[in-house]
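[1] A predicted structure for the sequence below; I have some questions about it.
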Amino acid sequence: MLEILVPCSFFLILKAVIKFLYDYLWLPLCIQHILNSQGIKGPPFRFIHGNNKEVVKMKREALTKPMGLTHDIFPQVQPHLYSWTNRYGKNYLHWNDVRAQLVISEPELVKQVLKNSEKAYPKQKPSIYVSKLVENELLLVEGEKWVRQRKLADNVFHGESLKNMIPAVIASVETMLEKWKGQEGKEIEVFGEFRLLTSLVISRTACNYP
């Protein structure tokens, strides 16, 4: 009687292959199909790398083109977002490797996500570099800490509060321009000057907001 023995290692390898195909092919294609059926289009998913190669290619091409003196820097700074928004609409799906990322730019949807009253939109865990950069700022915190910081931000950026800042902003700009009068014909480090301007505005207005 012939006995056929299959090593356990074979089943482990088979299980790993199935899980890999499920995570890196089947699941992304299912997500793409579901969103497409709801009218959310986007660049097609590419196996493993998603749309990352396209993003890198677009950014390289954008860097080869002179930008000139213009405020319209979005097409060169984020060429993939600019291109895909024009092609697929204000809301579209794209892929960071196998992670689906839904880009929204409709004001009402953005408002709904930022409000997040039902806690339906958890914040993505930031990388260690982003965490060190912004630490416990409004962008990352959640829960009661987020509520407290949000209330402070609402007070500062309320329409009336911003109007009250106008005299301080004007006075700070006048101070900077007066300083520049003695620099005619000389180069000015604009970045440093505007950093000082920002600090001056903050110092003149911060005392109004406990």
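    Received it, and whenever you're ready, just let me know what you need.
[2] gap between the most centrally placed residue in the chain and Gln78?
    For the chain, Val103 is the residue whose C-alpha lies nearest the centre (Cα atoms, centre = their mean; 9.4 Å). As judged by Cβ to Cβ, to the nearest Å, Val103 and Gln78 stand 10 Å apart. (Each C-beta comes from the backbone N, C-alpha and C, glycine too.)
[3] helices and strands of the protein: which one has the lowest mean pLDDT?
    The least trusted helix or strand in the chain, going by mean pLDDT, DSSP states H and E, turns out to be helix 128-134, with a mean of 60.
[4] hang on, Pro79 packs against Thr64?
    No - the pair Pro79 / Thr64 is not scored as a contact, 11.1 Å apart, by Cβ atoms under 8 Å.
[5] longest helix of the protein?
    As assigned by DSSP state H, the longest helix anywhere in the chain is helix 159-180.
[6] what packs against it?
    helix 190-205 (3 or more Cβ pairs under 8 Å, 6 or more residues apart in numbering; DSSP states H and E).
[7] ok, now with 10 Å
    Taking 3 or more Cβ pairs under 10 Å, 6 or more residues apart in numbering; DSSP states H and E as contact, the helices and strands that helix 159-180 lies on are helix 143-156, helix 190-205.
[8] what about this structure, any weak spots by pLDDT?
    1-7, 117-118, 123-143, 146-147, 149-150, 152-158, 207-210 (pLDDT under 70).
[9] pull whichever strand or helix holds Leu12 out as PDB, backbone CA atoms only.
    Applying DSSP states H and E as the criterion places Leu12 in helix 8-21. What follows is helix 8-21 as a C-alpha-only set of coordinates in PDB (Å, rounded to 0.1, in the frame of the first residue of the first chain):
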ATOM      1  CA  CYS A   8       4.100  20.400   7.000                       C
ATOM      2  CA  SER A   9       6.400  23.000   5.500                       C
ATOM      3  CA  PHE A  10       4.500  22.700   2.200                       C
ATOM      4  CA  PHE A  11       1.200  23.800   3.900                       C
ATOM      5  CA  LEU A  12       3.000  26.600   5.700                       C
ATOM      6  CA  ILE A  13       4.400  27.900   2.300                       C
ATOM      7  CA  LEU A  14       1.000  27.500   0.700                       C
ATOM      8  CA  LYS A  15      -0.700  29.400   3.500                       C
ATOM      9  CA  ALA A  16       1.900  32.200   3.200                       C
ATOM     10  CA  VAL A  17       1.400  32.400  -0.600                       C
ATOM     11  CA  ILE A  18      -2.400  32.600  -0.300                       C
ATOM     12  CA  LYS A  19      -2.200  35.300   2.400                       C
ATOM     13  CA  PHE A  20       0.300  37.300   0.300                       C
ATOM     14  CA  LEU A  21      -2.000  37.100  -2.800                       C
END
